[in-house]
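1. got a predicted structure here, sequence first:
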Amino acid sequence: QVRLVESGGGLVQAGGSLRLSCVTPGRNFGTSVAGWFRQAPGQEREFVAAIAGINDEIKYADSVKGRFTISMGDGKGTLFLQMDRLNVEDSAMYYCAARGNWRLQTDASQYEYWGQGTQVTVSS
């Protein structure tokens, strides 16, 4: 059973920064694809960013490009999402996700493993 555990969410003022982390206890992300999705109340879960462990290919949603940075720590044991210049529209529950296949995907249905989420709230 693959577990994903997120941390790092919180309340921040617009223009501020947060860094989310995701670990998979007892494992590392290896050649998997790992990503971040978010879901605001009343809205569908949307893709934020993903990284392929096999070749470090990265994709971002247009809405976060240039503001957010996804990365894996040394040994690929931790997935990070550095979020800068946050705005109110970034407020949502953020979920870490992983898929065993090495192909990078932006469709949430292609990810088998999910964390419980960490709340990010940006105040104006």
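-> It's in. The shown structure was predicted, so the numbers you read here are calculated from the model rather than taken from an experiment.
2. for the rest of this, base every contact and every neighbour count on C-alpha atoms.
-> Noted.
3. now do the residue most central in space within the chain against Ser71, distance only.
-> By CA atoms, centre = their mean, the chain has its centre lying nearest to Trp36, at 2.2 Å. Per CA to CA, to the nearest Å, Trp36 is found 11 Å from Ser71.
4. repeat that for Ala49.
-> 10 Å.
5. please enumerate the shared neighbours of Trp36 and Ser71.
-> Leu81 (CA atoms under 8 Å, 6 or more residues apart in numbering).
6. run through the residues that contact Leu4.
-> Cys22, Val23, Thr24, Pro25, Cys96, Ala97, Tyr113, Trp114, Gly115, Gln116.
7. try 7 Å this time
-> Cys22, Val23, Thr24, Cys96, Trp114, Gly115 (CA atoms under 7 Å, 6 or more residues apart in numbering).
8. neighbours of the fourth one, how many?
-> What that stands for is Cys96. 30 (other CA atoms under 10 Å).
9. same question for the third one.
-> Summarising burial for Thr24: neighbours were counted as other CA under 10 Å, giving 19.
10. please name the nearest non-neighbouring residue to it.
-> Of all residues beyond its chain neighbours, the one nearest Thr24 is Leu4 (4.7 Å), with distances taken as CA to CA, 6 or more residues apart in numbering.
11. if I look at the one you found, how far off is Met72?
-> Applying CA to CA to Leu4 and Met72 gives a distance of 14 Å.
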